[in-house]
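[1] Have a look at this prediction, sequence included:
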Amino acid sequence: MNLRPKLMLAFISLIIIPMIGLGIFSFVNSEALLEKKYSEQSEITMKAIGGNISYFFRELDQLSNGNVISAEVQDTLRQSRLTLDDNSSLIRITQAEKEMSKILFQHPAVSYVVLYASDGTMYRSNRNDPTTFKPISFDDLKKQSLYDEVIKMGGRPLWIGPHEQRDLTGVDPPLFTMMRVVKEMESFNDLGIMVTQYKTEEVSSMLKAFQNPEDESQGARYFILNSEGLIMLDSNKRYDGHSIDLYTNSMPQLTENYESARMKFDGVDSLVSSYQLDRNGWILLSVQPWNSLTDENVRFVQWIGMITVLGILSAVLFNVFFVNRVAKSIIKVVRKMRLVEQGLLDIRVTAQGKDETVLLANSFNSMVERIGDLLSEVRREQERKQHAEMMLMQAQIKPHFLFNTLESINALAAQNEGGKIMLMVRRLSTILRTSMHHSEEIGLIQEIEHVRSYLEIQKYRFEELFSYELNVPEEALEYTILKLTLQPLVENSIQHGFDGYEDGQGNITIHVAVETHRIVITVSDNGKGMSRDVLYKLSEGYSPSSKQQDAADLGERRGLGIRNVADRLRIHYGAGYGMMICSSEGWGTTIRCVIPKSRGEGL
């Protein structure tokens, strides 16, 4: 397929189809977005309503606190304990009820007050209000299920919502009822019980203030429920006294103070939100018919549709006017790429303008230039590798080592030490065999035997100047290593580390550890160690920019083999593997080689 059809296919699949999909996705998910948006607004509204309701009840609590400690209420309940004749008792009750009538004027919501003394005497406010109910006797009050709960509250107010205790609070119209124990201020003994009833109009006005004044059926409706789901107050007075379970199968579960969910309410698709009030587990409920939100939803979808259509038209115009230019630029770059494939790395693409085609051309030019740099780096790396291999050949068998070994064998022959001669020849043959091995990698077992033979020969030559220890686990012997890795390291210890030591003072330890993905070989000695300058020059020797003369001088002073091993490990195994030297004058030297776990082939 040519480039132009590919671009057209890409245009349709990457622009047209996604934009159409975006429109469909927006339409399908607009309701969820709208639900989330309204839920957030509803949370703010319900928190405001809840705050107003909480303030209203706190204000009534404070008024009631003042009443129960007032001298009038305290004296009335104390005097009820006195034994008087009927006329005196009637006069006392009448006077007390006149004093209680003052409570009715403390707040517009106060509807009725009744005070029960501990002897059963009942004092009532005498407002002739049709909303009041006939209070029950003190004996009947004790039979109520709430009586024990009021006593347990110990003087704190207990609120009863409308329709919760109908035989106690009345039915028509519904009222909020507060019950509390009156304590004697001096002894804190129970003097009696005060029952105060409050009108619901003020709370209802708080709920209606947030409704749609033009059409209540299209706006949100608000309810106050008790913990058992009883609708105590409906802003529209339609569902008062009914259980919420009659109108919905489920309620939003309050994991926190607020929760919202879409569900059926009284057969109408609605968004139902609930907010936890701070009174007796009461819940503020909001019900918003879903169809009242569709106008905003339709406008949202229309805007999305218009944006989608405009986007598609813009994309089509872009395709018509710019695709040919882009295609030509790409074809031009492709032709240059084919020339680069033939090895012409001096090819460059010229482009004018400020759009992405210029960026493409510049990126191509940068890529070709980078390829040239990488090829040059590869050539330099090959040269360094060849140089390292040459240094390896130079370091494999030093003539003076071979001559010294042969002289040692000759001395043994003169002494008729046939057994030692045989051992020395066997060790020398092992060294020669490993050095002349055709493969660059050998088994670790061969490398260990090679370095063991080298150490044995050197121990004889230097008359037990040093001792050595090999710690190699069996599992490590099945892996491979770059040949002649260890000999230059122990040679450095013998020639430079033990210079001036007496017999038996030197010690060399070779330790091999097999880890998850690598093998760690540590060569340690207790020799003189290296100075900071020598270590610095060794580390500088690893840099490709080091001068050959510096490397030669370094090899002359501290052994050509160390840098040789470091270069070979780095080149052969790559990043993450190599050699590290730790040394200090007077404390010996530790060289740590890290290589990958490899079993090799044909070994």
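    It's in.

[2] contacting residues around stretch 365-379?
    The contact list for stretch 365-379 (Cβ atoms under 8 Å, 6 or more residues apart in numbering) reads V340, L345, I347, R348, V349. No exception for glycine: its C-beta is placed from N, CA and C like everyone else's.

[3] Give the buried residues for it.
    Neighbour counts over stretch 365-379 (16 or more other Cβ atoms under 10 Å) mark N365, V368 as buried.

[4] tell me how far that stretch is from the chain's mean position?
    41 Å (Cα atoms, centre = their mean, to the nearest Å).

[5] And A566, how close does it get to I331?
    50 Å (Cβ to Cβ, to the nearest Å).

[6] the more surrounded of the two?
    Neighbours were counted for A566 and for I331 using other Cβ atoms under 10 Å; A566 has more, 22 against 13.

[7] in terms of contact, does the more buried one touch M579 like I think?
    Yes - at 4.6 Å, A566 and M579 qualify as touching, with contact defined as Cβ atoms under 8 Å.

[8] Which helix runs longest in the protein?
    helix 17-68 (DSSP state H).

[9] From the contact counts, what lies against it?
    strand 175-183, strand 190-199, helix 201-208, strand 258-265, strand 268-276, strand 283-289, helix 294-341 (3 or more Cβ pairs under 8 Å, 6 or more residues apart in numbering; DSSP states H and E).

[10] The fourth one vs helix 17-68, what angle?
    What that stands for is strand 258-265. Angle between the axes of strand 258-265 and helix 17-68 is 110 degrees (criterion: axes from the mean of the first three to the mean of the last three Cα atoms, to 10 degrees).

[11] Go through strand 258-265 and flag the buried ones.
    Those would be Y258, E259, S260, A261, R262, F265, for strand 258-265 by 16+ other Cβ under 10 Å.

[12] Report the beta-bridge partner residues of the second one.
    On the basis of DSSP bridges, E259 is bridged to S274.

[13] For it, report the pLDDT, please.
    Per-residue pLDDT puts E259 at 86.

[14] okay but it is in contact with Q253, surely?
    Yes - E259 sits in contact with Q253 when judged by Cβ under 8 Å, with a separation of 6.2 Å.

[15] and L277, what does it touch?
    So L277 contacts G50, I53, S54, I224, I283, L284 (Cβ under 8 Å, 6+ apart).

[16] Which of those sits closest to R384?
    G50 (78.5 Å; Cβ to Cβ).

[17] Hmm, L284 and the closest one touching each other?
    Yes - counting by Cβ under 8 Å, G50 does reach L284; the two are 5.5 Å apart.

[18] Checking my notes, A361 in a helix, right?
    Yes - according to DSSP: H, G, I helix; E, B strand; the rest coil, A361 belongs to a helix.

[19] quick one: secondary structure of the residue nearest to it when sequence neighbours are not counted?
    Using Cβ to Cβ, 6 or more residues apart in numbering and skipping the chain neighbours, the partner closest in space to A361 is A351 (3.7 Å). Following three-state DSSP, the label given to A351 is coil.

[20] And A351, how far from A414?
    Distance from A351 to A414, by Cβ to Cβ: 85 Å.

[21] got it, and G497?
    The spacing between G497 and A414, counted by Cβ to Cβ, is 31 Å.

[22] which of the two has more neighbours?
    G497 (22 against 8).

[23] quick check: domain ranges of the chain?
    Using automatic domain parsing, the domain parsing of the chain gives 58-195, 397-596.

[24] hey, least reliable of those by pLDDT?
    Sorting those by mean pLDDT places domain 58-195 lowest, at a mean of 78.

[25] Can you list the buried residues in stretch 485-499?
    Buried, per 16+ other Cβ under 10 Å, within stretch 485-499: 485-494, 496-498.

[26] right, and the pair among those with maximum separation?
    Taking Cβ to Cβ, no two of these sit farther apart than T485 and F498, at 20.8 Å.

[27] rewinding a little: the residue nearest to A361 and K336 touch, don't they?
    No - under the criterion of Cβ under 8 Å, A351 makes no contact with K336, lying 11.0 Å away.

[28] Looking only at neighbour counts, state which of the two leads.
    Applying other Cβ under 10 Å to A351 and K336 shows that K336 carries more neighbours, namely 19 against 16.

[29] wait, doesn't that one sit right on D346?
    No - contact between K336 and D346 fails when scored by Cβ under 8 Å: they sit 11.1 Å apart.

[30] contacting residues around stretch 317-324?
    Outside of stretch 317-324, the residues within contact range by Cβ under 8 Å, 6+ apart are R4, L7, M8, F11, I15.

[31] The fourth one: what's its closest spatial neighbour, skipping adjacent residues?
    The one in question is F11. F11 sits nearest to N319 (Cβ to Cβ, 6+ apart), 5.1 Å away.

[32] could you flag which of the contacts of stretch 365-379 are buried?
    V340, V349.

[33] Y123 - that's part of a helix, no?
    No - counting by three-state DSSP, Y123 is located in no helix; its state is strand.

[34] Measure how buried it is and give me the count.
    24.

[35] That one against E72, yeah?
    No - contact between Y123 and E72 fails when scored by Cβ under 8 Å: they sit 10.2 Å apart.

[36] Which positions within stretch 239-249 qualify as buried?
    The neighbour-count check on stretch 239-249 (16+ other Cβ under 10 Å) flags Y239, D240, G241, I244, Y247, T248 as buried.

[37] Repeat that for stretch 463-478.
    Those would be L465, F466, Y468, V472, A476, for stretch 463-478 by 16+ other Cβ under 10 Å.

[38] any chance of those residues in CSV, plus distance to L359 and secondary structure?
    Output for the buried residues of stretch 463-478, formatted as CSV (distance: Cβ to Cβ, whole Å; DSSP: H, G, I helix; E, B strand; the rest coil):
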residue, distance to L359, secondary structure
L465, 69, coil
F466, 66, strand
Y468, 63, strand
V472, 57, coil
A476, 53, helix
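
[39] just the residues you listed now: which is nearest H511?
    H511 lies nearest to V472 out of those, by Cβ to Cβ, at 8.0 Å.

[40] Quick check, that closest one in contact with I448.
    Yes - the pair V472 / I448 is scored as a contact, 5.7 Å apart, by Cβ under 8 Å.

[41] Pull up the overlap in contacts between these two.
    Both V472 and I448 are contacted by I510, under the criterion Cβ under 8 Å, 6+ apart.

[42] how big is the angle separating the longest helix of the chain from helix 294-341?
    Following the same axes, to 10 degrees, one obtains 140 degrees for the angle between helix 17-68 and helix 294-341.

[43] by how many degrees do helix 17-68 and strand 268-276 diverge?
    50 degrees.

[44] How far does helix 17-68 sit from its chain's centre?
    Distance of helix 17-68 from the chain centroid (Cα atoms, centre = their mean) equals 29 Å.

[45] same check, this time on stretch 239-255
    Going by Cα atoms, centre = their mean, where stretch 239-255 is centred and where its chain is centred differ by 38 Å.

[46] next one: stretch 458-475
    The answer for stretch 458-475 is 55 Å, by Cα atoms, centre = their mean.

[47] Use 10 as the first number for this chain going forward.
    Okay, using 10 as the starting number, the last item reads as stretch 467-484.
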